[in-house]
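Enquirer: Let me see the structure of the following:
(chains A, B, C and D)
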2 protein chains.
Amino acid sequence: MSDAPLWTALADPHRRAIVALLLERPRSVGEIVEACGLSQPSTSKHLKVLREAGLVRVRQDAQRRVYALDPAPIATLDAWLAPYRALWNKSLDTLGRRLDETPDAPEPPHRRTDPP
Amino acid sequence: MSDAPLWTALADPHRRAIVALLLERPRSVGEIVEACGLSQPSTSKHLKVLREAGLVRVRQDAQRRVYALDPAPIATLDAWLAPYRALWNKSLDTLGRRLDETPDAPEPPHRRTDPP
DNA sequence: CGCTTGTATTCCTTGACGCGCATATAACGC
DNA sequence: GCGTTATATGCGCGTCAAGGAATACAAGCG
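Expert: Okay, here's the model as predicted:
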């Protein structure tokens, strides 16, 4: 499973906050420092973890480094989540549909787990 | 943000393996021990973390305790992922524009101001 | 050239986490 | 009741990651 750094990167709430910040728009390190209330070295270290996990990309603009989200790992997470979505569909069948249709694998039909 | 235990629970690869096992079918602790190769106390502790994160629920069957996935946190994860999925779709749409023109930071050569 | 701004990295300490061991608790069969 | 099976918990130890202070590196500006 090569997405281990992805999970460990998202395990930290500060890093999830950074990712949520970058979801709105790309930001420089200074903006992230001010928005998250962390120290600058801590922020840089968290950004390094996010960078090595492939979650963010950096663009150099003069002295500043502007970080932006990389959408690719989102697809990885979504792929991991896909099998569980089937379970959740089965459970919430009475609530109707949800707003997401991924034309992906053919829907595994009503598979009853026969208890041993 | 009450889904912090959810992320920390899924941060561990052993716990993700347990969750993947329970995706196939509910299993007792002994089955999980044998399948994951972990010791029984470690497995019980991981199951406790998963239980407190709401990821699994336990059904008592004689002396055995059969663990099964709870589909609710999957919906939580999916809800967290939803905004990023929008970004992912958007980036597929505007592929080849200004986002793509910077592959990465081209490694600048170790250049010093070297007066002759 | 210094100087200032912006960011990354290193050292160190502390706290949390995981594992193995032993033990406690609970339910079944006799 | 007793013993056995099945699971949970407490303890000690090693490891790893996060945070802070100081510092190093890089880029613009005077």
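Enquirer: Apart from its neighbours in sequence, what residue is nearest the one residue sitting closest to the centre of chain A?
Expert: What sits nearest the mean C-alpha location of chain A, by C-alpha atoms, centre = their mean, is residue A:74, with 5.1 Å. For residue A:74, ignoring the flanking residues on the chain, the nearest one in space by C-beta to C-beta, 6 or more residues apart in numbering or on different chains is residue B:84 at 4.3 Å. The way it works is simple: take the backbone N, C-alpha and C, and place the C-beta from them, glycine included.
Enquirer: right, is the strand or helix carrying residue A:42 up against chain B?
Expert: Using DSSP states H and E, residue A:42 sits within helix A:40-52. No. Against chain B, helix A:40-52 shows no contacts by C-beta under 8 Å from any C-beta of the partner chain, the least distance being 10.3 Å.
Enquirer: That helix near DNA strand C anywhere?
Expert: Yes. Shown here: helix A:40-52 in contact with DNA strand C (C-beta under 7 Å from any atom of the strand) through A:40-41, A:43-45, A:47-48.
Enquirer: Give me the buried subset of these.
Expert: Among the residues of helix A:40-52 next to DNA strand C, the ones that count as buried by 16 or more other C-beta atoms under 10 Å in any protein chain shown are A:43, A:47.
Enquirer: Which residue ranges of chain A form strands?
Expert: Ranges of strands in chain A, per DSSP state E, are A:27-28, A:56-61, A:64-69.
Enquirer: Can you tell me what sits against the first one?
Expert: Residues external to strand A:27-28 that are found in contact with it (C-beta atoms under 8 Å, 6 or more residues apart in numbering or on different chains): A:21, A:35, A:61, A:64-67.
Enquirer: List, one by one, the residues from chain A near DNA strand D.
Expert: Counting by C-beta under 7 Å from any atom of the strand, the residues of chain A that sit close to DNA strand D are A:8, A:11-12, A:14, A:38-39, A:41-42, A:45-46, A:49, A:62-63.
Enquirer: Out of those residues, flag the one nearest to DNA strand C.
Expert: For the residues of chain A next to DNA strand D, the residue nearest DNA strand C by C-beta to the nearest atom of the strand is residue A:41; the value is 3.0 Å.
Enquirer: Return the residues in contact with that closest one.
Expert: For residue A:41, the contact set (C-beta under 8 Å, 6+ apart) is empty.
Enquirer: Okay, it and residue B:69: tell me how far apart.
Expert: Distance, residue A:41 to residue B:69, by C-beta to C-beta, to the nearest Å: 40 Å.
Enquirer: With residue A:18 instead?
Expert: Distance, residue A:18 to residue B:69, using C-beta to C-beta: 30 Å.
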